[in-house]
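Visitor: Whatever this is, show me its structure:
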Amino acid sequence: NIRCGVIRNDVEVRRRENVECKVTEWGMLPGQVYALEGGVRFFIQPKTGQKTGYFYDHRDNRAALTNRVKLQENSLSVLDCFSYIGSWGLQSLKKNAQAHLTAVDSSDAALKQLKEIAELNGLANRVDLVEADIFKMFPAFSKPFDVVICDPPSLTSSAKQHVKALKAYEKCFTNALRCLKSEGLIALSSCSYHVTWDEFLRCIARSAHKVSSDLQLTYFGSQAIDHPVLSSLIETRYLKCVFASKL
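Guide: Predicted coordinates:
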């Protein structure tokens, strides 16, 4: 019963390869389009948002995190370092009525969209928005957080950027760990397929060393089942996600 669709062939890699860039729509899109995940309706812009307007590939990892957040008692502070439209943070609020979210993103448009989504889902009174480019200047917070999420965008569009990307991951993971309470929970992720699992884990270890902490790794996740891995193209196994407790 699919009535409409949007095909987004407008990504930057197509321009670099001199392939036609265009957006194709068939059928009639409704006035409001939303992705439903974790009990939250994320109203999206499929023709103009980042990629499809929403990222479903992390949904298993987000469910694993929110199930842990649900078990936490008392007032819970959550920091989402690359919030986009709030897919990690708002689901945490939905699962835990005592949680409060601080969402950080460099995009004013994304933060405005997050605010609208929070309002439509009755969560706006538990959200603070911070516009900041974390790669340039990490915001200063007065208190550490119980839960920190650090899911940066892809940092390697080519193998040439590999070393630079590892340094960028280490920098933002280190800053994120500095914002985490002792015994707090952190979710760290990479969607850069040029960065291997071993490199990703070493990057996390170096970041922990820089903040003079040990981490207990308690969860290892990848992409959801509708983003399959081809045996002949291992680069399709791109998503890496780790949860850790700060000791």
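
Visitor: for this protein, what helix or strand is lowest in average pLDDT?
Guide: When the helices and strands of the chain are scored by mean pLDDT, DSSP states H and E, helix 12-16 comes last with a mean of 82.

Visitor: Beyond that helix, next helix or strand please.
Guide: As assigned by DSSP states H and E, the chain's next helix or strand after helix 12-16 is strand 22-26.

Visitor: Just checking: what are the partner strands of that following strand?
Guide: strand 5-9 (antiparallel) (DSSP bridges).

Visitor: Dump the C-alpha coordinates for the strand it pairs with into PDB.
Guide: The C-alpha atoms that make up strand 5-9 are tabulated as PDB, following Å, rounded to 0.1, in the frame of the first residue of the first chain:
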ATOM      1  CA  GLY A   5       8.100   7.900  -2.600                       C
ATOM      2  CA  VAL A   6      11.200  10.100  -2.800                       C
ATOM      3  CA  ILE A   7      14.500   9.100  -4.500                       C
ATOM      4  CA  ARG A   8      17.400  11.200  -3.200                       C
ATOM      5  CA  ASN A   9      20.200  11.000  -5.800                       C
END
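
Visitor: how far is it from where the chain is centred?
Guide: With Cα atoms, centre = their mean, to the nearest Å as the basis, strand 5-9 stands 22 Å off its chain's centre.

Visitor: what does stretch 34-51 give?
Guide: 14 Å.

Visitor: Name the residues that touch that stretch?
Guide: For stretch 34-51, the surrounding residues in contact (Cβ atoms under 8 Å, 6 or more residues apart in numbering) are 6, 8, 11, 23, 25, 29, 32-33, 52-54, 56, 59, 62-63, 66, 84-87, 90-91, 94-95, 110, 113, 116-117, 120-121, 123. To be clear about C-beta, it is placed using only N, CA and C from the backbone, and glycine gets the same treatment.

Visitor: just the buried members of these?
Guide: Among the contacts of stretch 34-51, those buried by neighbour count (16 or more other Cβ atoms under 10 Å) are 8, 33, 53-54, 59, 62, 66, 84-87, 90-91, 94-95, 110, 113, 117, 121, 123.

Visitor: what about stretch 23-40, how long is it end to end?
Guide: End-to-end distance of stretch 23-40: 27 Å, with Cα to Cα, to the nearest Å as the criterion.

Visitor: So which bits of it are buried?
Guide: By 16+ other Cβ under 10 Å, the buried positions in stretch 23-40 come out as V33, A35, E37, G38, V40.

Visitor: what's the closest residue to the fourth one other than its chain neighbours in contact with, if anything?
Guide: With sequence-adjacent residues excluded and distances taken as Cβ to Cβ, 6 or more residues apart in numbering, G38 is closest to Q91, at 3.6 Å. When contacts are counted by Cβ under 8 Å, 6+ apart, Q91 is found next to E37, G38, G39, V40, R62, T66.

Visitor: Columns pLDDT, secondary structure and distance to L233 on top of the residues you listed, output as TSV?
Guide: Putting those into TSV (pLDDT from 0 to 100; DSSP: H, G, I helix; E, B strand; the rest coil; distance: Cβ to Cβ, whole Å) gives the following:
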residue	pLDDT	secondary structure	distance to L233
E37	95	strand	27
G38	95	coil	30
G39	95	coil	35
V40	97	strand	33
R62	97	helix	26
T66	95	helix	31
